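>>> sequence plus the predicted model coming up.
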Amino acid sequence: MFESLQAASADAILGLIAEHKNDPRAEKIDLGVGVYRTEAGQTPVLNVVKKAEQALIDSQDSKAYVSTAGAADFNAAMQALIFGDASPDDRLTTIQTPGGSGSLRVAAGMILRASPDASVWVSEPTWANHVPLLGSSGLKLTPYPYYDTDKHVLKIDEMLAALATAPTGDVVLLHGCCHNPSGLDPSKDQWRAITDVLVERGLVPFVDMAYQGFAEGLDDDAFPVRHMAGRVSEMLVSTSCSKNFGLYRDRVGTLSCLSKDTTSRDVVNSQVNNLVRTIYSMPPDHGAAVVSLILNDEETRNAWVIELVEMRERLRDMKVLLHDALLAELPERDFSHLVRARGMFCFLGITAEQVAQLKNDFGVYMADSSRINVAGITPQNVGYLASSIAGVLKPA
């Protein structure tokens with residue numbers, strides 16, 4: 001049977017990780033891998049997570065299966081985190097999923113069950129795994145303009161014009177905050193304009209919010225979701241706890257489905273649980289139990305918010321640090337888009353050939369698109385990084 005198979009293409013980011021690991025140069029820098037890192041280069045277990053895990057170990061008395069929807073206390077806490085005090089509970093169903101990717105895959109299955117002929121509109125560019133993950137499920141994908149790679153601004157007019165042509169009933173995939181890979185998000189007024197088009201055209205928003213708390217703060221970052229929830233009759237929201245709780249390997253996420261009324265909500269709830277049963281049966285428990293302990297205890301939650309703020313501020317500070325260092329090296333070039341970006345990622349704004357030269361000549365690793373993870377920047381390496389970038393950009 002397997003003789004008919006051919007080797008699949010290697011994942012570009014995973015390949016970068018391997019290349020960086022095997023590079024013997026002491027000054028090498030990894031700006032590719034998509035995880036948060038401290039100034040010491042570590043992806044830490046949050047202190048609040050360690051305490052919650054210990055409490056879980058001390059109190060948990062069973063490893064029996066959870067339900068297809070996951071833990072009810074986790075789902076309720078996450079739904080409140082996403083939708084806030086005005087959460088339309090009578091129209092919402094939220095389930096626990098194996099990470100944000102698992103949430104996206106279940107959402108794809110729900111779209112196919114509900115509206116198999118609908119297209120999902122996807123920003124250009126978008127997260128590298130959006131298209132293969134959603135497309136391999138059988139969904140039809142249509143691009144819409146988003147990021148101007150020359151001017152490093154949002155193509156808001158082109159985006160709105162494209163969505164204004166979308167057939168009623170189509171689905172629009174939106175990044176809730178910290179757009180990956182560009183780091184450029186719509187303003188609140190632009191989110192209102194986007195929502196106006198969704199309502200006028202009868203389009204269904206599908207929000208991927210993997211970085212809540214990494215842009216401006218938990219409530220500010222949830223503005224698009226909460227605003228749309230008050231305007232549209234239906235929507236899908238995928239979330240991940242990988243970044244804001246540091247639970248990458250524990251695979252913790254949610255899928256929330258907003259329906260037009262309570263009756264529709266109950267039908268959707270039955271369908272999404274049935275779909276889960278056919279894919280992975282039920283989600284893993286540990287990470288979600290940790291998040292539930294954190295969110296449902298005021299003191300622990302406050303401690304988590306403090307650690308979240310520290311991560312967010314480090315990412316912001318490193319973008320400013322790189323901008324200033326590049327300004328000193330290349331005063332004739334404009335790198336202001338670096339400080340306008342939010343979250344872990346942004347485009348450096350160089351060609352694939354220059355990216356290759358950075359890797360080969362200086363040991364600086366990033367995606368071919370020049371997307372960088374700013375968590376790889378430190379006060380100790382930013383000088384070398386800026387001079388390396390200048391080395392490939394200055395005329396010979």
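Thanks, I have the structure now.
>>> drop to CA atoms for contacts and neighbour counts, all remaining ones
Fine.
>>> quick one: what helix or strand has the closest residue to A352 other than its chain neighbours in it?
Here the nearest residue to A352 in space, its sequence neighbours aside, is D368; by C-alpha to C-alpha, 6 or more residues apart in numbering that works out to 4.9 Å. Using DSSP states H and E, D368 falls within no helix or strand.
>>> residues near D368, how many?
Using other C-alpha atoms under 10 Å, D368 has 17 neighbouring residues.
>>> now do I95
With other C-alpha under 10 Å as criterion, I95 counts 27.
>>> ok, the closest residue to it other than its chain neighbours to A76 distance?
Among residues not flanking I95 along the chain, A69 sits closest, at 4.6 Å (C-alpha to C-alpha, 6+ apart). Per C-alpha to C-alpha, to the nearest Å, A69 is found 11 Å from A76.
>>> which of those two has more neighbours?
Taking neighbours as other C-alpha under 10 Å, A69 and A76 compare with A69 leading, 23 against 17.
>>> sorry, back to before: for the residue nearest to A352, what are its contacts?
D368 makes contact with 351-352, 355-356 under the criterion C-alpha atoms under 8 Å, 6 or more residues apart in numbering.
>>> ok, residues contacting whichever helix or strand G383 is part of?
Taking DSSP H and E as the criterion, G383 maps to helix 382-393. Contact with helix 382-393 is made by 27, 29, 321-322, 325-326, 329-330, 354, 357-358, 362, 364, as judged by C-alpha under 8 Å, 6+ apart.
>>> ok so, going back, select only the buried ones of the contacts of D368 in PyMOL?
Buried subset of those, written as a PyMOL selection, criterion 16 or more other C-alpha atoms under 10 Å:
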select buried, resi 355+356
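>>> and the contacts of D368, which of them are in strands?
With strands taken from DSSP state E, there is no overlap with those.
>>> can I get the contacts of D368 in CSV with distance to H337 and pLDDT?
Below are these laid out as CSV (distance: C-alpha to C-alpha, whole Å; pLDDT from 0 to 100):
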residue, distance to H337, pLDDT
T351, 16, 95
A352, 19, 95
V355, 18, 96
A356, 22, 95
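>>> need the strands for the stretch 201-350 of the chain, in chain order.
Taking DSSP state E, counting those that start in this stretch as the criterion, the stretch 201-350 of the chain contains strands spanning 204-209, 235-240, 253-258, 345-347.
>>> got a markdown table for these, with mean pLDDT too?
Compiled in a markdown table, the strands of the stretch 201-350 of the chain are given as follows (pLDDT from 0 to 100):
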| stretch | mean pLDDT |
| --- | --- |
| strand 204-209 | 98 |
| strand 235-240 | 98 |
| strand 253-258 | 98 |
| strand 345-347 | 96 |
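>>> so, low pLDDT: which residues of the protein?
Scanning the chain with the threshold set as pLDDT under 70 gives 396.
>>> and the residue most central in space within the chain, what does it touch?
With distances taken as C-alpha atoms, centre = their mean, A210 lies nearest the centre of the chain, 3.2 Å away. Applying C-alpha under 8 Å, 6+ apart, one finds that A210 lies in contact with 100, 176-177, 238-243.
>>> quick revisit: anything in contact with each of A69 and A76?
Joint contacts of A69 and A76 (C-alpha under 8 Å, 6+ apart) are T94.
>>> buried stuff in the biggest helix by length in the chain?
For the chain, the longest helix by residue count, based on DSSP state H, is helix 298-329. The neighbour-count check on helix 298-329 (16+ other C-alpha under 10 Å) flags 300-301, 304-305, 307-309, 311-312, 314-327, 329 as buried.
>>> which strands or helices does it pack on?
Applying 3 or more C-alpha pairs under 8 Å, 6 or more residues apart in numbering; DSSP states H and E, we find helix 298-329 packed against helix 47-59, helix 286-295, helix 337-340, helix 382-393.
>>> and the last one with helix 298-329, angle?
Meaning helix 382-393. Angle of helix 382-393 versus helix 298-329, following axes from the mean of the first three to the mean of the last three C-alpha atoms, to 10 degrees, is 50 degrees.
>>> relative to D157, which of the helices and strands packed on helix 298-329 is closest?
Closest of these to D157 is helix 337-340, at 18.8 Å (criterion: C-alpha to C-alpha).
>>> ok now that closest one, how far from the chain's centre?
With C-alpha atoms, centre = their mean, to the nearest Å as the basis, helix 337-340 stands 18 Å off its chain's centre.
>>> that one packs against which elements?
Packed against helix 337-340 by the contact rule (3+ C-alpha pairs under 8 Å, 6+ apart) you find helix 298-329.
>>> what are the buried residues along the helix holding G383?
382-392.
>>> which SS class is I95?
Following DSSP: H, G, I helix; E, B strand; the rest coil, I95 is assigned to strand.
>>> Q79 versus that one, what's the distance?
9 Å.
>>> likewise P395?
In terms of C-alpha to C-alpha, P395 sits 53 Å off from Q79.
>>> equivalent analysis for G230, please.
From G230 to Q79 the distance is 15 Å (C-alpha to C-alpha).
>>> and if you look at L174?
18 Å.
>>> again with M318
To Q79, M318 is 31 Å away according to C-alpha to C-alpha.
>>> so E53 sits right up against V290, yeah?
Yes - counting by C-alpha atoms under 8 Å, E53 touches V290, with 6.0 Å between them.
>>> would you map out the domains in this structure?
11-44+313-391, 65-296 (automatic domain parsing).
>>> can you list those domains in TSV and add distance to S4?
Shown next, in TSV, are the domains of the chain (distance: least, C-alpha to C-alpha, whole Å):
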stretch	distance to S4
domain 11-44+313-391	21
domain 65-296	19
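>>> which of those domains sits closest to I57?
Closest to I57 of the domains of the chain, according to C-alpha to C-alpha: domain 65-296, at 9.9 Å.
>>> ok, the residue nearest to R201 when sequence neighbours are not counted - contacts?
Distances taken as C-alpha to C-alpha, 6+ apart put T168 closest to R201, at 5.5 Å, once the chain neighbours are dropped. By C-alpha under 8 Å, 6+ apart, T168 lies in contact with 201-203.
>>> returning to that earlier point: relative to A162, which of the helices and strands packed on helix 298-329 is closest?
When those are compared by C-alpha to C-alpha, helix 337-340 sits nearest A162, at 24.2 Å.
>>> residues in contact with that closest one?
152-153, 183-184, 316, 319-320, 322-323, 346-348.
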